[in-house]
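K.L.:
sequence and predicted model, in that order:
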Amino acid sequence: MTETVLLVGGGGREHAIARAVADDCALYACASVRNPGIRRLAEGFETIDETDAAAVADYATAVGADLAVIGPESALEAGVADALDDAGVYAFGPRAEEARLETDKAYQREFMEEHAIPGCPDYAVFDDMTAACEYIDEYGGDLAVKPAGLTGGKGVKVIGDQVTAEEAKAYLRDSDYDRVVLEERLVGEEFTIQAFVANGDVRTTPAVQDHKRAYEGDEGPNTGGMGSYSDTGLSLPFMREGDYEAAVDVLEAVVDALPDYKGVLYGQFMLTDEGPKVVEFNARFGDPEAMNTLPVLDTPFVDVLAAARDGEPLPELAFSGEATVCKYAVPDGYPTDPDAGAEIAVDEESAGDALLYYASVDERDGRLYTTTSRAFAVVGRGDSIAAAEAQAEDALAAAGDRVRIRHDIGKEGLLDRRVEHMDRIRD
Ligand code: AMP
Ligand code: GLY
């Protein structure tokens, strides 16, 4: 039987999901941005605000969807999974209550503490910004300052890294945050593991390293993610034996505590001198990380979705064994002062062997232009990170100078620095 699948969301991550399922199902999609890549793959595409749970559920019913995949966290927070489930359409994505693991950082730390999930940094939660500022003065060491709610990855300030203590206090005083988490600054290298979760099963995918900083050499403001890479196996070059497994143990402990969780569970880890610590959990695929993971997943993703819905054990996952490098092209000036309206010169043909994923683009008179968000990404694959990186760069050669790309992502120099950084921390 051919499944009818509704995809919610219109970014690069969702384009990757669309490509992973389109050949094996009847695909429909809805999003607030008209992603041209998804529209080409889908039998139907409707412009709907992803946080309008009732409208998404109505569309799912209208197209006869058997199941749904939810891309963005904003939709999870708005209860889109709840509305779909209630309408009889199985949503691969947690209900709003369980998505609090991502949408409420204070809850997330309290949950870890309550269930003795390994890898929790020391933390404190404040509802009063004056008290939070006093804590910064008293603490004496470096802290990560994290608004409890969703900020698109751009709300966290790390003292001793991006800001001074005085700047962090000014940031809190000038904010209208009503809850903030202050936690021990973790030092090390970050990595992501995404797991498919349903029916108590946890199926993990290769580790990925994202690059949040806007500029080369990890300088500049935080972004939604400028690009990412994965290696031929499950681990990354700066990780040692046992690190991947220790992180998987954390994800499994979360699911033991939340046996009804369904969807993607994304662990963001800091590899420290004491092993992996949890930076955060997300309740959905990463963007860009989905673009690393789904192209190398040999197991049909629709089989995972159907097993999840049918209450069956999830299939064991098979991967192609290729390394991947994903690089986003973003408008010049992104994220602080993005220059929208640059024509996009890369298309699926000119990308060659690399994969092209559209994110936020404007389509006018058959041409594509940047908006104020990340525009498109290319993913190279190969038998090494270097080969994958070269393929991604070939595809980006035509991108022109009105978009910005972090060319250092996946390059040997940066990879070596990561390995040396971890060696220094651990030895
Ligand atoms: P989040 O929105 O929680 O992913 O945080 C955004 C970024 O802030 C992370 O990717 C880290 O680079 C940084 N960050 C968050 N929490 C910490 C922490 N406790 N120590 C150091 N860096 C952190
Ligand atoms: N790549 C970071 C995120 O999706 O949250």
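P.N.:
Perfect, I can see it now. Ligands and ions are numbered 1, 2, ... in the order given.
K.L.:
in the stretch 301-427 of the chain, mark out all the strands, start to finish.
P.N.:
Shown for the stretch 301-427 of the chain, the strands assigned by DSSP state E, counting those that start in this stretch span residues 323-331, 355-358, 361-364, 367-370, 376-382, 403-405.
K.L.:
any idea which of these is most buried?
P.N.:
Ranked by mean neighbour count, the strands of the stretch 301-427 of the chain are led by strand 323-331 with a mean of 28 (mean count of other Cβ atoms under 10 Å). C-beta: built from backbone N, CA, C; applies to glycine.
K.L.:
what's around the residue lying closest to residue 414 once chain neighbours are set aside, how many residues?
P.N.:
Nearest residue to residue 414, sequence neighbours excluded (Cβ to Cβ, 6 or more residues apart in numbering): residue 408, at 4.8 Å. Using other Cβ atoms under 10 Å, residue 408 has 20 other residues around it.
K.L.:
correct me, but residue 408 touches residue 216?
P.N.:
Yes. The pair residue 408 / residue 216 is scored as a contact, 4.4 Å apart, by Cβ atoms under 8 Å.
K.L.:
circling back: just put the strands of the stretch 301-427 of the chain in a markdown table and tack on distance to residue 246.
P.N.:
Shown next, in a markdown table, are the strands of the stretch 301-427 of the chain (distance: least, Cβ to Cβ, whole Å):
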| stretch | distance to residue 246 |
| --- | --- |
| strand 323-331 | 22 |
| strand 355-358 | 31 |
| strand 361-364 | 39 |
| strand 367-370 | 40 |
| strand 376-382 | 27 |
| strand 403-405 | 33 |
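K.L.:
turn those strands into TSV, columns for mean pLDDT and distance to residue 303.
P.N.:
Listed next are the strands of the stretch 301-427 of the chain as TSV, based on pLDDT from 0 to 100; distance: least, Cβ to Cβ, whole Å:
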stretch	mean pLDDT	distance to residue 303
strand 323-331	98	21
strand 355-358	97	21
strand 361-364	90	31
strand 367-370	93	33
strand 376-382	98	22
strand 403-405	96	35
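K.L.:
looking at those, which is nearest to ligand 2?
P.N.:
Each of the strands of the stretch 301-427 of the chain has some distance to ligand 2 by Cβ to the nearest ligand atom; the shortest is strand 323-331, at 10.2 Å.
K.L.:
check which helices and strands that closest one is in contact with.
P.N.:
Secondary-structure packing of strand 323-331 (3 or more Cβ pairs under 8 Å, 6 or more residues apart in numbering; DSSP states H and E): strand 227-230, helix 289-293, strand 376-382, helix 385-396, strand 403-405.
K.L.:
nearest to residue 50, out of those?
P.N.:
helix 289-293 (15.7 Å; Cβ to Cβ).
K.L.:
so that closest one, near ligand 1 or not?
P.N.:
No. Judged by Cβ under 6 Å from any ligand atom, helix 289-293 makes no contact with ligand 1; its nearest approach is 12.0 Å.
K.L.:
for that helix, name the packing helices and strands.
P.N.:
By 3+ Cβ pairs under 8 Å, 6+ apart, helix 289-293 packs against helix 12-21, strand 189-198, strand 227-230, strand 323-331, strand 376-382.
K.L.:
mind redoing it with 6 Å?
P.N.:
Secondary-structure packing of helix 289-293 (3 or more Cβ pairs under 6 Å, 6 or more residues apart in numbering; DSSP states H and E): helix 12-21, strand 227-230, strand 323-331.
K.L.:
how far off centre is it?
P.N.:
Relative to its parent chain, helix 289-293 has a centroid offset of 8 Å by Cα atoms, centre = their mean, to the nearest Å.
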